[in-house]
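> I'd like to go over a predicted model; first the sequence, then the structure.
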Amino acid sequence: MDVYYIPLVVIALFYAVYYFFTRNFNYWKKRNVRGPEPVPFFGNMKESALRQKNVGIVIHEIYKNFPEEKVVGIYRMTTPSLLIRDLEILKHIMIKDFDLFADRGVEFSKQGLGQNLFHADGDTWRALRGRFTPIFTSGKLKHMFGIMHDRADIFMDYVSQKAEKNIEFEIHSLIQKYTVSVISACAFGLDLQNLDTKLEDLELIDKLVLEPNFGLELDMMFPGLLKKIGISVLPKPVGVFFNKLVQNIMSVRGGKPSNRNDFMDLILQLREMGNVKNPFGDMKPSLEITDDVIAAQAFVFYVAGYETSATTASYMLYQLALNQDVQDKLIAEIDAVTEANNGEITYESLKEMKYMHKVSDETLRMYSIVEPLQRKCTVDYKIPGTDLTIEKDTILLVSPRGIHYDEKYYPNPEVFDPNRFDPEEVGKRHPCAYLPFGIGQRNCIGMRFGKLQTALCVAKLLRKYRIEPSKNTELELGVDKNRIIIGPANGIRVNFVPRN
Ligand code: HEM
């Protein structure tokens, strides 16, 4: 080729690449949907793709920038997606027309751990959800409470030893020790007696699963590609670890439920029941509980179970440190209820602590952990109250944080005020204005478990200590940009001051 053509070829190539990565950027304009200007290659996800901001914060900022819109057209990398702002539309998608939006749109692979409840879609999800809902009932949870309580006592001994030397604690990593030990005991029957033991495998899992992974951006750009080529966003060592773990537990239990009443027992009981019919009432196939399916659920209960609750409890203690009047009221409630129960914190007594629930609800309003919520549309769908019809396979996003900080629903949203959750105040709000656990048939299956382990931890700590700001307590907490969920950027430091 004549060298004179080289610049032309380079320009043509450059243009082709530019065209490819911007080809969809008129999609929302053509449909009269407003939204932020996309940039080539990244669409509206540049800051999260470059790990400059947490994805939940990026979506929250878009929510705030379009206060008059019911829906906002965005580009996840090159792919058009829709952010839902209007609560009535949200209600249609998450609840009324749920059957059309049952998919989350993150089913990257049907192999190995891919068949877990969070990532699975379609019939696999329906069968899994039906099968696993019964293991999260209050009755089952009550049976598991003993295991949780034992772990809380071990944790309190650990805190007491540390508190002899130091009154300042970094509570996010501290409480992770408690939730890892609770979920390891409840999910796999693992008794971690020494909370200082380095659980290298579990630490690696945390890093591999909760740190952002470029597979996510690749899937935004080429939706369905990973699934087609059978590549999982979950790194291989994670699958190997959970498969081995589950094999070990099952061989110790001889493949049958023991009498620990933990998740593994409940799953083994389900397996013994055989191939139960899909509970959604249609003729869709049910799912066989194979060893892979068990490992996939052990994985998701572990990952979804420990970090969300540890982060919630840490934010809660942080707000209690900053709001001593709220703490006084909560301590008074914990003391009164506990003393009326012979000094014991029980499953029932935690239920009685009404103010505790309000403090917890307000914490999750200010710090919802899983952002954004996501659903995939499985048919062409006319958005109620608009002229817009979205195409099948469009991804819909919801920003709980956007809604929770919207003055329309929560006046003075920056103020920590548990009274917002007085029943009469809750009754005045739209049912979709509070979303820390998602909403509708695909909401968080572990909500009660998460609330229970958080409340137990806070109640145990406040029986013994007051939480006060230390000289290192930050007044504004940044959000960690290197996690796929919301968490404090630099940990949270407070003092534990022994109560008299
Ligand atoms: C404070 C603690 C927790 C928070 C804030 C939280 C939040 C959430 C949210 C927002 C979702 C997505 C819901 C949606 O898309 O509508 C979710 C899903 C899920 N969570 Fe939680 N979660 C917590 C604790 C737990 C625990 C303790 C477990 C298990 C032991 C768990 C297991 C799951 C699973 C399996 C899903 C997927 C459900 C499905 O797709 O059917 N979560 N969680």
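That came through fine.
> Quick one: low-confidence residue ranges for the stretch 151-300 of the chain.
192-203, 231-233, 274-286 (pLDDT under 70).
> Mind naming the longest helix for the protein?
helix 291-322 (DSSP state H).
> can you pull the buried residues of that one?
For helix 291-322, the neighbour count (16 or more other CB atoms under 10 Å) marks 292-322 as buried. Heads up, the C-betas are built off the backbone N, CA and C, glycines and all.
> Spell out which parts of the stretch 1-150 of the chain neighbour the ligand.
The stretch 1-150 of the chain comes close to the ligand at residues Leu117, Phe118, Arg129, as judged by CB under 6 Å from any ligand atom.
> repeat for the stretch 401-500 of the chain
Residues of the stretch 401-500 of the chain lying near the ligand (CB under 6 Å from any ligand atom): Pro436, Phe437, Gly438, Ile439, Arg442, Asn443, Cys444, Ile445, Gly446, Phe449, Gly450, Thr454.
> okay but the fifth one is in contact with Phe98, surely?
Yes: using CB atoms under 8 Å, Arg442 is in contact with Phe98, at 7.3 Å.
> Looking only at neighbour counts, state which of the two leads.
Neighbour comparison, Arg442 and Phe98: the larger count goes to Arg442, with 21 against 15 (by other CB atoms under 10 Å).
> what about the nearest residue to the more buried one once chain neighbours are set aside, how many residues close to it?
Spatially, and ignoring its direct neighbours in sequence, Arg442 is nearest to Ala102 (6.3 Å; CB to CB, 6 or more residues apart in numbering). Using other CB under 10 Å, Ala102 has 20 other residues around it.
> Look up how far Thr378 lies from Ala102.
7 Å (CB to CB, to the nearest Å).
> which residues touch the spatially most central residue of the chain?
By CA atoms, centre = their mean, the chain has its centre lying nearest to Val370, at 3.7 Å. Residues in contact with Val370, defined by CB atoms under 8 Å, 6 or more residues apart in numbering, are Thr308, Pro400, Pro436, Gly438, Cys444, Ile485, Ile486.
> Selecting buried members of these in ChimeraX, what would you type?
A single ChimeraX command selects the buried members of the contacts of Val370 (16+ other CB under 10 Å):
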select :308,400,436,438,444,485,486
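> returning to that earlier point: which of the residues of the stretch 401-500 of the chain next to the ligand fall in helices?
Phe449, Gly450, Thr454.
> Looking at these, spot the one nearest Leu266.
Phe449 (12.0 Å; CB to CB).
> Please verify my assumption that that closest one contacts Lys142.
No: Phe449 is beyond contact range of Lys142, at 11.3 Å (criterion: CB under 8 Å).
> neighbour count winner among these two?
Taking other CB under 10 Å, Phe449 and Lys142 do not tie; Phe449 has more neighbours (24 against 15).
> who's in contact with the more buried one?
Phe136, Leu141, Met144, Cys186, Gly305.
> Same question for Thr346.
Phe145.
> Over to it: give its phi and psi.
phi -120, psi 170 (degrees, to the nearest 10).
> now Arg34
Backbone geometry at Arg34, expressed as degrees, to the nearest 10, gives phi -80, psi 160.
> Low-confidence ranges, the chain, go.
Judged by pLDDT under 70, the chain has its weakly predicted residues at 1, 192-203, 231-233, 274-286.
> go again using 80 as the cut-off
1-4, 18-19, 21, 107-112, 188-216, 221-222, 224-237, 259-261, 270-288, 500 (pLDDT under 80).
> so where do the strands sit in the stretch 51-200 of the chain?
71-76, 79-84, 168-170 (DSSP state E, counting those that start in this stretch).
> List of residues touching the first one?
What it means is strand 71-76. Residues from elsewhere that reach strand 71-76, judged by CB under 8 Å, 6+ apart: 24-25, 27-28, 31, 33-36, 38, 43-45, 62-63, 66, 80-86, 89, 220, 383, 386, 388, 395, 397.
> swap the cut-off to 6 Å and go again
28, 33, 35, 38, 43-45, 62, 66, 81-84, 220 (CB atoms under 6 Å, 6 or more residues apart in numbering).
> Show me where the stretch 251-400 of the chain has its strands.
373-376, 381-382, 389-390, 395-398.
> how about JSON lines for the ones you listed, with mean neighbour count and distance to Asp417 added?
Output for the strands of the stretch 251-400 of the chain, formatted as JSON lines (neighbours: other CB atoms under 10 Å; distance: least, CB to CB, whole Å):
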{"stretch": "strand 373-376", "mean neighbour count": "22", "distance to Asp417": "24"}
{"stretch": "strand 381-382", "mean neighbour count": "14", "distance to Asp417": "37"}
{"stretch": "strand 389-390", "mean neighbour count": "16", "distance to Asp417": "37"}
{"stretch": "strand 395-398", "mean neighbour count": "24", "distance to Asp417": "24"}
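> This completes my enquiry, with thanks.
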